[in-house]
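model the structure of this input:
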Amino acid sequence: MARLDNSQFLHELNQVVTTNNGKSSIYLTQKRLTSSEVQGINSSSIDDLPTNVIPNQKIQNSTSYPVLIRVAMNSKSNKDKKQSKLKISTVVEAEQLNQFWQQYIRVLKNGLVGLKKKEKKKGKKSKVAK
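Take a look at the predicted model:
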């Protein structure tokens, strides 16, 4: 699973969503990337342990982090053939986030036409006392 450029990611997502046509599940994931994840280094030290927390101090975090966006889909044909999932991902910088969200939402709204409301269970009718 290689990370794509933002425009390539949106193009691939558009193709995946339109060809799927509600036949299988599409999993969308977003998470913030920290500096160690951006560099590809797994840090073994954890700074947010209770022993490292300094109480009664207001610390202002002025750093901005990029966002990792992933899309995974396991189509019915992939299940039959025992193939791996289709996975695409991209990293969006904080400065480009507003523009990317607008395009991302537009692609999802246009492509996710197969959504349907959850079917409600019929509740038990109470017995009428005679």
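
three-state assignment of the nearest residue to residue 113 once chain neighbours are set aside?
For residue 113, ignoring the flanking residues on the chain, the nearest one in space by C-beta to C-beta, 6 or more residues apart in numbering is residue 22 at 7.0 Å. Every C-beta, even on glycine, is put in place using the N, C-alpha and C of the backbone. Of the three states, residue 22 takes coil under DSSP: H, G, I helix; E, B strand; the rest coil.

give the other helices and strands that the helix or strand hosting residue 72 contacts.
Assigned by DSSP states H and E, residue 72 belongs to strand 67-73. For strand 67-73, the packing partners by 3 or more C-beta pairs under 8 Å, 6 or more residues apart in numbering; DSSP states H and E come out as helix 6-20, strand 26-32, strand 86-92.

so in that sheet, which strands flank it, and in what orientation?
strand 26-32 (antiparallel), strand 86-92 (antiparallel) (DSSP bridges).

who's in contact with that strand?
Contacts with strand 67-73, where a contact means C-beta atoms under 8 Å, 6 or more residues apart in numbering, come from 9, 13, 16, 20, 24-33, 37, 85-92, 94, 97, 104.

residue 111 contacts residue 22, correct?
No. Using C-beta atoms under 8 Å, residue 111 makes no contact with residue 22, being 9.7 Å away.

more crowded one of the two?
Counted by other C-beta atoms under 10 Å, residue 111 and residue 22 do not tie: residue 111 has more neighbours, with 19 against 13.

could you find the closest non-adjacent residue to that one?
residue 17 (2.9 Å).

buried set for stretch 2-14?
Across stretch 2-14, burial judged by 16 or more other C-beta atoms under 10 Å covers 4, 6, 9, 10, 12, 13, 14.

kindly reformat those as CSV containing pLDDT.
As requested, the buried residues of stretch 2-14 are exported to CSV (pLDDT from 0 to 100):
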residue, pLDDT
4, 89
6, 90
9, 93
10, 93
12, 91
13, 90
14, 89
